[in-house]
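S.K.: Following is a predicted model, sequence given first.
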Amino acid sequence: MSDGPVFMHLLHIHLNDLLDSNAYSIALIKEEIELVRQDLEFIRSFFVNVEQGLYKDLWERVLDVANEAKDVIDSIIVRDNGLLHLIFSLPITIKKMKLIKEEVTDLHENISKNRGLIVVNSPKKPVESKSLTTDKIIVGFEEETNLILRELTRGPAELDVISITGMPGSGKTTLAFKVYNDKSISCHFDLRAWCTVDQEYDEKKERGILLS
């Protein structure tokens, strides 16, 4: 699902809206909804900082269980076989999500150990535990971030493209995500969109940002 990040973002908003509701049918499963929201946010934070193509099978399982969770929760709320979903489907879905969360946790720890790097917005490890190599990378990111921010906010009014290139694993996605979420960008542009090129497109497997 090439629009997976968008789906995950919209699902996060949907779950937050449900948690803010005082409807009786939602109140019955608020604890379960919160568990789903927390686990999905944990899992999503991992995939924001890695090349999704390297973990394609796991990413597809994440999207499957996220979509399943949405269907089950919505069915309970609208009382479409709600009792059956409440007793059987919801606990099974939550268990599937817990297993994926455990797998993601193990992956993150292995990646951090093997590369000796800190993943930005890490689900478990704090930014303070940086190695000297990581310090240099972060400093470089600051320089590149400021350069891109200047180009985006002070550049020409017409449509423009700014490319981020580099070797796999060099932090291109992390840099793009940092720019995308910078306050100066969200204030400067009326519209922002984070999109992912389908993995079957071989020429450039890069994520992209649309700003207007």
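M.R.: Structure received.

S.K.: Let's check: the centremost residue of the protein is which one?
M.R.: Arg44 (3.7 Å; CA atoms, centre = their mean).

S.K.: element containing it, please.
M.R.: helix 30-48 (DSSP states H and E).

S.K.: One more: Phe177?
M.R.: Going by DSSP H and E, Phe177 is in helix 172-180.

S.K.: from memory the residue nearest to the centre of the chain sits against His12, does it?
M.R.: Yes: if you go by CB atoms under 8 Å, Arg44 and His12 touch, sitting 7.2 Å apart. For the C-beta atoms, the positions are set from N, CA and C on the backbone; glycine is no exception.

S.K.: just the helices in this protein please.
M.R.: 4-20, 24-27, 30-48, 56-77, 82-84, 90-115, 132-154, 172-180, 183-188 (DSSP state H).

S.K.: Comparing those by mean pLDDT, which bottoms out?
M.R.: Of all these, the minimum mean pLDDT falls on helix 132-154 (a mean of 64).

S.K.: Not counting its neighbours along the chain, what's nearest the residue nearest to the centre of the chain?
M.R.: Setting aside the residues directly before and after it, Arg44 is nearest to Met8 in space (CB to CB, 6 or more residues apart in numbering), at 5.2 Å.

S.K.: Same check on Asn81?
M.R.: Using CB to CB, 6+ apart, the nearest residue to Asn81 is Ser75, at 6.2 Å.

S.K.: Okay, the one you found and Leu90: tell me how far apart.
M.R.: 9 Å (CB to CB, to the nearest Å).

S.K.: And those two? Which one has more around it.
M.R.: A count of neighbours by other CB atoms under 10 Å puts Leu90 above the other of Ser75 and Leu90, at 23 against 17.

S.K.: ok, the more buried one - contacts?
M.R.: 29, 32, 72-73, 76 (CB atoms under 8 Å, 6 or more residues apart in numbering).

S.K.: Right, I'll leave it there.
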